[in-house]
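Trainee: Give the three-dimensional model of this entry:
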Amino acid sequence: MWMIIAAIIIFIIFSNRESKTSATPNTKTAPPLHCTVHRTGDYSSILNELEQIVFLIAKRCPWMKLQVLVMVRKINASTCSVSFQIEDVSLKRNNITFGSEFQDRGDGSYECMHFETKQATGFTTPEAVKREMLCQFNWSNISTNVTQLSVLDYGDFTHTPMVTLRFEAQYRD
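Mentor: Predicted coordinates for the structure are as follows:
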């Protein structure tokens, strides 16, 4: 009789342990999340791809507060550059990988994935780019805290204006 009761208790303990671990996502065993971006195209389509990367990473790791920097700078009448940087202490440890178009600027303990292209098109005015950036990086289920939104269109930037958006992103239920 005692053996049956002990077996039931052990069964309950192990079943509770399994249900607790399944509620917390295990990113080590989750399939890899591989992030890539096209280097050419309209800047807004590139921003859309970058927005998807931020969304997927934030959703996969809701405890992480991602530091994101996006810059769009006009180069000449037909092209502009798009720079993107996402930072956290544990991107790779959470089975998140990046394509060869990204450079790792981290120091081993802190990861900073950087992407830049100088082959984008579509830059019209700094204010239009600013509006596009605010629209792209705006989600209903991810909280964003904009820490910098600026337009540099004076001095050295008179003919090549640059729009900068820096924000924190974190998934919320």
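Trainee: what are the ranges of the strands in the protein?
Mentor: 33-35, 40-42, 66-74, 80-88, 96-98, 102-104, 111-121, 142-152, 162-171 (DSSP state E).
Trainee: got TSV for the ones you listed, with mean neighbour count and distance to V129 too?
Mentor: C-betas here are computed from N, CA, C, even on glycine. Output for the strands of the chain, formatted as TSV (neighbours: other CB atoms under 10 Å; distance: least, CB to CB, whole Å):
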stretch	mean neighbour count	distance to V129
strand 33-35	17	23
strand 40-42	14	12
strand 66-74	21	5
strand 80-88	21	8
strand 96-98	19	24
strand 102-104	15	22
strand 111-121	18	11
strand 142-152	14	8
strand 162-171	19	5
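Trainee: Sketch out the low-pLDDT regions of this structure for me.
Mentor: 1-29, 89, 107-110 (pLDDT under 70).
Trainee: Bridged to the closest residue to Q67 other than its chain neighbours, which residues?
Mentor: The shortest distance from Q67 to any non-neighbouring residue, by CB to CB, 6 or more residues apart in numbering, is to E87 (4.1 Å). Note on E87: beta-bridge partners Q67, C112, judged by DSSP bridges.
Trainee: For E132, see how far away E87 is.
Mentor: According to CB to CB, to the nearest Å, E87 stands 23 Å off from E132.
Trainee: related to what we said a few turns ago, dump the strands of the chain to CSV, plus distance to Q136.
Mentor: Shown next, in CSV, are the strands of the chain (distance: least, CB to CB, whole Å):
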stretch, distance to Q136
strand 33-35, 16
strand 40-42, 12
strand 66-74, 8
strand 80-88, 11
strand 96-98, 19
strand 102-104, 19
strand 111-121, 13
strand 142-152, 11
strand 162-171, 9
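Trainee: So which of these is nearest R60?
Mentor: strand 33-35 (5.7 Å; CB to CB).
Trainee: what are the pairing partners of that closest one, and which direction each?
Mentor: As defined by DSSP bridges, the strand partners of strand 33-35 come to strand 96-98 (parallel).
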